[in-house]
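Participant: Okay, structure incoming, though there's no sequence with it:
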């Protein structure tokens, strides 16, 4: 393997790992209601935390003007504000650090001429995409500073979805650079099956974004039925009809469950087909890992639901979803026809 390709791959995988942590940190920020504690987007000034009592008081006074303080946290003291501030501050600081790690090594690789010409546009896209999601993150936060003390579920899901898509893009390029080109690939129908599984996991993550954005996880906290019914009461009570898919907590949670049930059927079937095919050991091992983690993720999801979304389980479930997505991508990668970058 070309040493330069390996260096670039390591850089990409580090960025991907940082984005993985960012997604989990973002989920924790949301679960602790910390995300609306910083009401301004100061790109450079915001890098430093408050260093004086006067600065703390200034930020707290700005927070007091938000709907979240006035409708939920009214009466909160400065000590309480500091607790929620630090998690959101860490979330934003980590985002800045991701951009720095995505940009600076890239400039060095470009300066040293270590990136193949055909790969330059793909690599330049990495810091640009990271920056774009930072802007989208502020667009999301801004939606919770006007009238309603929560962010828009549409913007939240867009922010989450773009983060996961960027993660997949970077992870895939890193795997490409680390893997040699094989003599042949898996049967086309098996590769198509792997694509379907991967896209369904991604779609399940998006439905999880709407579950989080509408706080649907705090309702129907029973399993396997939803308050004694497979089809919960009030599933299509909203008008116009399409809003039920994104704003009706009964429908939103049902759709998330339905995708989980579908994956519980498809992933074992995919695993069975991979193990029966004449494929390299790494492809079978990837399918084993995918099937095994599906069991873990379903367990985390059920536990999160029946315990009414404690922060620890909620964050673990979000992390587990990204692990499942990563394993689906890895399994797809082992089956593709060409492992060139």
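Facilitator: Yep, that arrived. Nothing here was measured: the structure is a model prediction, and the numbers come from that model.
Participant: for the chain, what spans make up the helices?
Facilitator: Assigned by DSSP state H, the chain shows helices spanning 3-31, 53-64, 67-71, 78-111, 120-142, 153-178, 188-214, 244-247, 249-276, 281-306, 311-335.
Participant: mind giving me the domain ranges of the chain?
Facilitator: Listed by automatic domain parsing, the domain ranges of the chain are 1-178, 182-341.
Participant: possible to save these as JSON lines with mean pLDDT and mean neighbour count?
Facilitator: Any C-beta I mention is one placed from the backbone N, CA and C, and that applies to glycine too. As requested, the domains of the chain are exported to JSON lines (pLDDT from 0 to 100; neighbours: other CB atoms under 10 Å):
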{"stretch": "domain 1-178", "mean pLDDT": "93", "mean neighbour count": "17"}
{"stretch": "domain 182-341", "mean pLDDT": "93", "mean neighbour count": "17"}
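Participant: From residue 241, how far out is residue 226?
Facilitator: As defined by CB to CB, to the nearest Å, residue 226 lies at a distance of 20 Å from residue 241.
Participant: quick one: residue 306 from residue 197, how far?
Facilitator: Counting by CB to CB - residue 306 and residue 197 are separated by 27 Å.
Participant: Need the distance between the two termini of stretch 225-232.
Facilitator: Terminal residues of stretch 225-232 lie 8 Å apart, using CA to CA, to the nearest Å.
Participant: Can you name the residues in contact with it?
Facilitator: 220, 222, 233, 250, 253-254, 257 (CB atoms under 8 Å, 6 or more residues apart in numbering).
Participant: ditto for stretch 84-91
Facilitator: By CB under 8 Å, 6+ apart, stretch 84-91 touches 22, 25-26, 28-29, 32-38, 49-50, 59.
Participant: Looking at those, spot the one nearest residue 263.
Facilitator: Comparing those against residue 263 with CB to CB places residue 26 closest, at 22.9 Å.
Participant: Quick check: nearest residue in space to the closest one, chain neighbours excluded?
Facilitator: Nearest-residue entry for residue 26: residue 91, 6.0 Å, with adjacent residues in sequence omitted and distances by CB to CB, 6 or more residues apart in numbering.
Participant: Then residue 132?
Facilitator: residue 162 (7.2 Å).
Participant: Relative to residue 134, how far out is the one you found?
Facilitator: 10 Å.
Participant: With residue 301 instead?
Facilitator: Taking CB to CB, one finds residue 301 at 29 Å from residue 134.
Participant: Now do the contacts for the residue lying farthest from the centre of the chain.
Facilitator: Distance from the C-alpha centroid of the chain, by CA atoms, centre = their mean, peaks at residue 54 (36.0 Å). By CB under 8 Å, 6+ apart, the contact set of residue 54 is empty.
Participant: for residue 238, phi and psi?
Facilitator: With angles defined as degrees, to the nearest 10, residue 238 shows backbone torsions of phi -90, psi 150.
Participant: same thing with residue 36?
Facilitator: Dihedral angles for residue 36 - degrees, to the nearest 10 - are phi -100, psi 10.
Participant: Would you check that it makes contact with residue 66?
Facilitator: Yes. The criterion here is CB atoms under 8 Å, and residue 36 meets it with residue 66 at 6.0 Å.
Participant: if I look at the two, which residues touch both of them?
Facilitator: With CB under 8 Å, 6+ apart as the test, residue 36 and residue 66 both reach 144-145, 149.
Participant: OK, contacts around the residue nearest to residue 132?
Facilitator: By CB under 8 Å, 6+ apart, residue 162 lies in contact with 129, 132-133, 136.
Participant: I'd like those as TSV, with distance to residue 104 appended.
Facilitator: Shown next, in TSV, are the contacts of residue 162 (distance: CB to CB, whole Å):
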residue	distance to residue 104
129	16
132	18
133	18
136	22
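Participant: What is the nearest of those to residue 14?
Facilitator: So of these, ranked by how close each gets to residue 14 (CB to CB), first place is residue 129, at 15.6 Å.
Participant: so that closest one touches residue 168, yeah?
Facilitator: No. At 11.1 Å, residue 129 does not count as touching residue 168 under the criterion of CB under 8 Å.
Participant: quick revisit: can you say which two of the contacts of stretch 225-232 are spatially most distant?
Facilitator: Spanning the widest gap among those are 233 and 257, at 15.0 Å by CB to CB.
Participant: From residue 5, how far out is residue 116?
Facilitator: Here residue 116 is placed at a distance of 8 Å from residue 5 (CB to CB).
Participant: Equivalent analysis for residue 75, please.
Facilitator: Going from residue 75 to residue 5 by CB to CB gives 58 Å.
Participant: any idea how far the closest residue to residue 154 other than its chain neighbours lies from residue 160?
Facilitator: Leaving aside its sequence neighbours, residue 154 sits nearest to residue 246 (CB to CB, 6+ apart; 6.8 Å). Residue 246 is 14 Å from residue 160, where distance means CB to CB.
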